[in-house]
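Engineer: quick check, what structure comes out for this input:
(one chain, ligands or ions: 1)
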Amino acid sequence: MTNRPAGWYYYAMKDIKTILSERSVGSAVTAKGWARTKRDTKNATFVELYDGSCFTGLQCVFDAAASTEGTLAALSRTTTGAALAVTGTLVDSPAAGQPVELKATSLEVIGECPADSYPLQKKAHSLEFLREIAHLRPRTNTIGAAARMRDEMAYAVHTFFHDRGFRYVHTPVITASDCEGAGEMFQATTLDLDAIAKRGEAVDYSKDFFGKKAFLSVSGQLNVETYCMALGKVYTFGPTFRAENSNTTRHLAEFWMIEPELAFAELPDDMELAEEFVKHLLTWALERCGEDMAFFEKRVQPGIIEMLDSVRTKKFAHMSYTDAIAELEKRKEPFEFKPFWGCDLQTEHERYLSETVIGGPLIVTDYPKELKAFYMRLNDDGKTVRAMDVLVPRIGEIIGGSEREYRYDVLVENMKTKGLDPAAYWWYLDLRRFGSAPHAGFGLGFERLLRYVTGIENIRDVIPFPRAVKQADF
Ligand code: 4AD
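Structural biologist: Model prediction:
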């Protein structure tokens, strides 16, 4: 390590967010970041320096007459995207919209950014184009704001659960069990399947890394249930993987899910928790992310702040699946998929119910057992299960959850009906043999939440590196 003067380290420096909020006019400041824009006038050059700590950049003003030759030379090498260190004095800003600016005395170009080849020009770029340069897009206003929101919402998730005594459990990414039983799993193998096929041999999974077929997990639920039956209130929050062939603005092949699980709880407790959770997240976004929310309101979805604010104070509506179908049939809307009892609710149905019928969030419960996973508690009617989906306007389903089937015999029967081998789930069934108790939980799709909160339409724009059908670059 070379000898570095105190305060040299980047993390010890004040970031632009701190500089702008402290507003200590008269203080000497060095700020590092990237040039967002550069504008020359007769007497001065204005460089907006952006370091990602907040939406707003720091306006750096270089007086042409007072600048040294070295600074003028550095300014001539400064283009949009260049990495810079700017030193100067913080002064009151005469310009509207910014309380302070930096009266710059020196400039160091740390990394040039050739304008002729840099893909991000000053003009607005489409989100489609930005997806093709996912390594550079976090430098744009929209993706930068989405990244900060993502971080804030993750923090809000952990705060919510920790404040309520829930323990964070890390569930595995690699698994041998299909939680949802839908067969939409990515296989994880170290076998050379091509070579085996060429030899015309059958695949022997006992020779595979795990000695059996293994997959990437579609949900941490089954594992988190085991900790629920020991620690009481738990949650998991991690990446999950689904090989669904859904090329939509709502589906990812790799997405993050938050899954709480509550012991000695039934469906009404689950619904209560889900509602409180969503409201906590919206409150966090509105109260702690004002600057980025103002951007989403202005540039992405006008009216979003008022909409989210109104949801915070409204009680979520409840409706059984049977009533929801009756409501849809009664309305005679020209749906693409005609609704009938027993059909899976399509996004158009979910949106219609929350947007038109209710005008806000809605929890639909008690779905036909055929539509839902094996682990959901069977109702006494023998036809429906204690499932709940939280539907919100514009998005449709944001949460899926249920009370769990905690009766051993009924669970085994459910598995068999769904074509699952109970022996493969022996450890899950053990939870029903040793100290079984009612419990319930749900899964919130983190990216669906981010779409809801930011107003960003395509789910691929709220995750840094989207993984979807035919998309695994970067
Ligand atoms: O309804 P799902 O499939 O429920 C489960 O996985 C349960 N094991 C959760 C639980 O009870 N612990 O998925 C839960 C949520 C959905 O409501 C949706 O928000 C999100 O996960 N989701 C997806 N998000 C993005 N891309 C996909 N392909 C998604 N599939 C589900």
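Engineer: contact residues of the stretch 101-250 of the chain facing the ligand?
Structural biologist: By the criterion of Cβ under 6 Å from any ligand atom, the positions of the stretch 101-250 of the chain lying close to the ligand are Cys179, Glu180, Ser219, Gln221, Arg242, Glu244. Every residue, glycine included, has its C-beta placed from N, CA and C.
Engineer: and the third one, how many residues sit next to it?
Structural biologist: The one in question is Ser219. When neighbours are counted by other Cβ atoms under 10 Å, Ser219 registers 23.
Engineer: need the pLDDT of it.
Structural biologist: In the predicted model, Ser219 carries a pLDDT score of 97.
Engineer: setting the sequence-adjacent residues aside, check what's closest to it.
Structural biologist: Sequence neighbours aside, Cys179 is the residue nearest to Ser219 in space, at 4.1 Å (criterion: Cβ to Cβ, 6 or more residues apart in numbering).
Engineer: tally up the residues packed near the residue of the stretch 1-150 of the chain found nearest the ligand, please.
Structural biologist: When Cβ to the nearest ligand atom is the measure, the stretch 1-150 of the chain has its nearest residue to the ligand at Arg150, with 13.9 Å between them. Counted with other Cβ under 10 Å, the burial measure for Arg150 works out to 20 neighbours.
Engineer: next, it: phi, psi?
Structural biologist: With angles defined as degrees, to the nearest 10, Arg150 sits at phi -60, psi -50.
Engineer: separation between it and Asp292?
Structural biologist: Separation of Arg150 from Asp292 (Cβ to Cβ, to the nearest Å) stands at 10 Å.
Engineer: so where do the helices sit in this protein?
Structural biologist: Under the criterion DSSP state H, helices of the chain are mapped to 16-22, 69-76, 127-131, 141-163, 193-198, 221-231, 267-288, 290-295, 304-313, 321-331, 347-351, 408-417, 426-433, 446-454.
Engineer: which outside residues touch the fifth one?
Structural biologist: Defining contact as Cβ atoms under 8 Å, 6 or more residues apart in numbering, one finds that helix 193-198 is touched by Ala202, Val203.
Engineer: one step back: can you turn the buried part of the residues of the stretch 101-250 of the chain next to the ligand into a ChimeraX selection?
Structural biologist: To isolate the buried subset of those in ChimeraX, counting by 16 or more other Cβ atoms under 10 Å, use the following:
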select :179,180,219,221,242
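Engineer: farthest pair in the residues of the stretch 101-250 of the chain next to the ligand?
Structural biologist: Farthest-apart pair in those is Gln221 and Glu244; separation 17.2 Å (Cβ to Cβ).
Engineer: could you pull out the strands in the stretch 351-474 of the chain for me?
Structural biologist: Per DSSP state E, counting those that start in this stretch, the stretch 351-474 of the chain carries strands over the ranges 362-368, 384-392, 396-403, 439-445.
Engineer: using CSV, lay out these together with mean neighbour count and distance to His135.
Structural biologist: Formatted as CSV, the entries for those read as follows, by neighbours: other Cβ atoms under 10 Å; distance: least, Cβ to Cβ, whole Å:
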stretch, mean neighbour count, distance to His135
strand 362-368, 23, 39
strand 384-392, 25, 32
strand 396-403, 23, 29
strand 439-445, 24, 25
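Engineer: with mean pLDDT and distance to the ligand added, can I get these in JSON lines?
Structural biologist: Formatted as JSON lines, the strands of the stretch 351-474 of the chain follow (pLDDT from 0 to 100; distance: least, Cβ to the nearest ligand atom, whole Å):
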{"stretch": "strand 362-368", "mean pLDDT": "98", "distance to the ligand": "11"}
{"stretch": "strand 384-392", "mean pLDDT": "98", "distance to the ligand": "7"}
{"stretch": "strand 396-403", "mean pLDDT": "97", "distance to the ligand": "2"}
{"stretch": "strand 439-445", "mean pLDDT": "98", "distance to the ligand": "2"}
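Engineer: would you format those as JSON lines with distance to Arg432 included?
Structural biologist: As requested, the strands of the stretch 351-474 of the chain are exported to JSON lines (distance: least, Cβ to Cβ, whole Å):
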{"stretch": "strand 362-368", "distance to Arg432": "22"}
{"stretch": "strand 384-392", "distance to Arg432": "16"}
{"stretch": "strand 396-403", "distance to Arg432": "14"}
{"stretch": "strand 439-445", "distance to Arg432": "11"}
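Engineer: read off the pLDDT value for the residue nearest to Ser219.
Structural biologist: Listed pLDDT for Cys179 reads 75.
Engineer: for Leu281, which non-adjacent residue is spatially closest?
Structural biologist: Closest residue to Leu281 in three dimensions, ignoring its sequence neighbours and counting by Cβ to Cβ, 6+ apart: Ala156, at 5.4 Å.
Engineer: per-residue pLDDT of the one you found, please?
Structural biologist: pLDDT recorded at Ala156 is 98.
Engineer: and Ala6, by the same measure?
Structural biologist: Ala6 carries a pLDDT value of 57.
Engineer: go on, Tyr11?
Structural biologist: Per-residue pLDDT puts Tyr11 at 62.
Engineer: who in the stretch 301-450 of the chain is up against the ligand?
Structural biologist: Counting by Cβ under 6 Å from any ligand atom, the residues of the stretch 301-450 of the chain near the ligand are Glu397, Ile398, Ile399, Gly400, Gly401, Ser402, Gly441, Phe442, Gly443, Gly445, Glu447, Arg448.
Engineer: can you rerun that using 8 Å?
Structural biologist: Proximity of the stretch 301-450 of the chain to the ligand is confined to 373, 375, 389-390, 397-402, 441-449 under the rule Cβ under 8 Å from any ligand atom.
Engineer: may I see the buried residues of stretch 130-142?
Structural biologist: Neighbour count says stretch 130-142 has Leu130, Arg131, Ala134, Arg137, Pro138, Arg139, Thr140, Thr142 buried, by 16+ other Cβ under 10 Å.
Engineer: which intervals of the stretch 351-474 of the chain have sub-threshold pLDDT?
Structural biologist: Confidence mapping of the stretch 351-474 of the chain against pLDDT under 70 gives zero matching residues.
Engineer: does stretch 466-474 reach the ligand?
Structural biologist: No: under the criterion of Cβ under 8 Å from any ligand atom, stretch 466-474 makes no contact with the ligand; the nearest approach is 8.6 Å.
Engineer: now that stretch, how far from the centre of its chain.
Structural biologist: Here the centre of stretch 466-474 is set off from its chain's centre by 16 Å, with Cα atoms, centre = their mean, to the nearest Å.
Engineer: so for it, what gets flagged as buried?
Structural biologist: Within stretch 466-474, the residues scored as buried using 16+ other Cβ under 10 Å are Pro466, Arg467, Ala468.
Engineer: between the two ends of it, what distance do you get?
Structural biologist: For stretch 466-474, the first and last residues are 9 Å from each other (Cα to Cα, to the nearest Å).
Engineer: same check on stretch 368-375?
Structural biologist: According to Cα to Cα, stretch 368-375 extends 13 Å from its N-terminal end residue to its C-terminal end residue.
Engineer: what's that stretch in contact with?
Structural biologist: Defining contact as Cβ under 8 Å, 6+ apart, one finds that stretch 368-375 is touched by 179-182, 221-222, 321, 341-342, 344, 376, 378, 383-385, 387, 402, 404-405, 411, 414-415, 417-418, 420, 428.
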